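1. Model the structure of this input:
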Amino acid sequence: MDFKSLLQKIVENVDGAIGSGVIGEDGIAIDQFSTKSDFDITAAGAEYSTIISNAKKASRSFGLGKTNEVLISTEKATMIMMMVGDNYFVTLALSLDGNLGRGRLELKKSIPELEKLL
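-> The predicted model follows:
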């Protein structure tokens, strides 16, 4: 399975999912899948890569270990980001009424396959 197929599967398995992407910690997207033409998950992911980097630094500074997941809820959407290896993350954008628990589960299940593809 390639990146796009795997991302599409994640989105299709989660009620309320808007899109998903695999992004490097440097902000460069590997691939994406979105259900809305006006939502660019790679642009959002690129902006959120700074937050991922800062969360990783803070976790280390406080002796909390590795950062595994970051969740950001805004007035229009929820972004779930999970680390894939040391330098990448997979993100899922959900509408406010989207199934957050299922989204987290689908991302977590996808990580081993994404690591193989990287």
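
2. Do a quick rundown of the strands in the protein.
-> Assigned by DSSP state E, the strands in the chain fall at 17-24, 29-34, 69-73, 77-84, 88-95.

3. Just give the strands next to the first one in its sheet, each with its orientation.
-> It refers to strand 17-24. Here strand 17-24 has these sheet partners by DSSP bridges: strand 29-34 (antiparallel), strand 88-95 (antiparallel).

4. Just give me the longest helix of this structure.
-> Identified as the longest helix of the chain according to DSSP state H is helix 41-61.

5. when you compare where the worst-scoring helix or strand of the chain on mean pLDDT runs with where strand 17-24 runs, what's the angle?
-> Every helix and strand of the chain was ranked by mean pLDDT, DSSP states H and E. The lowest is helix 41-61, at a mean of 83. Put simply, helix 41-61 runs at 60 degrees to strand 17-24, going by axes from the mean of the first three to the mean of the last three CA atoms, to 10 degrees.

6. Direction-wise, compare helix 41-61 with strand 69-73 and give the angle.
-> 120 degrees.

7. Okay, and the beta partners of the residue nearest the centre of the chain?
-> The centroid of the chain falls nearest to Thr91 when counting by CA atoms, centre = their mean (1.1 Å). Beta-bridge partners for Thr91, by DSSP bridges, are Gly21, Met81.

8. can you pull the pLDDT of it?
-> Looking at Thr91, its pLDDT is 93.

9. picking that back up, adding distance to Thr42, write the strands paired with strand 17-24 out as a markdown table.
-> In this view, the C-beta of every residue, glycine as well, is placed from N, C-alpha and C. Shown next, in a markdown table, are these (distance: least, CB to CB, whole Å):
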| stretch | distance to Thr42 |
| --- | --- |
| strand 29-34 | 4 |
| strand 88-95 | 9 |
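
10. Check these for me and report the most buried one.
-> strand 88-95 (a mean of 24; mean count of other CB atoms under 10 Å).
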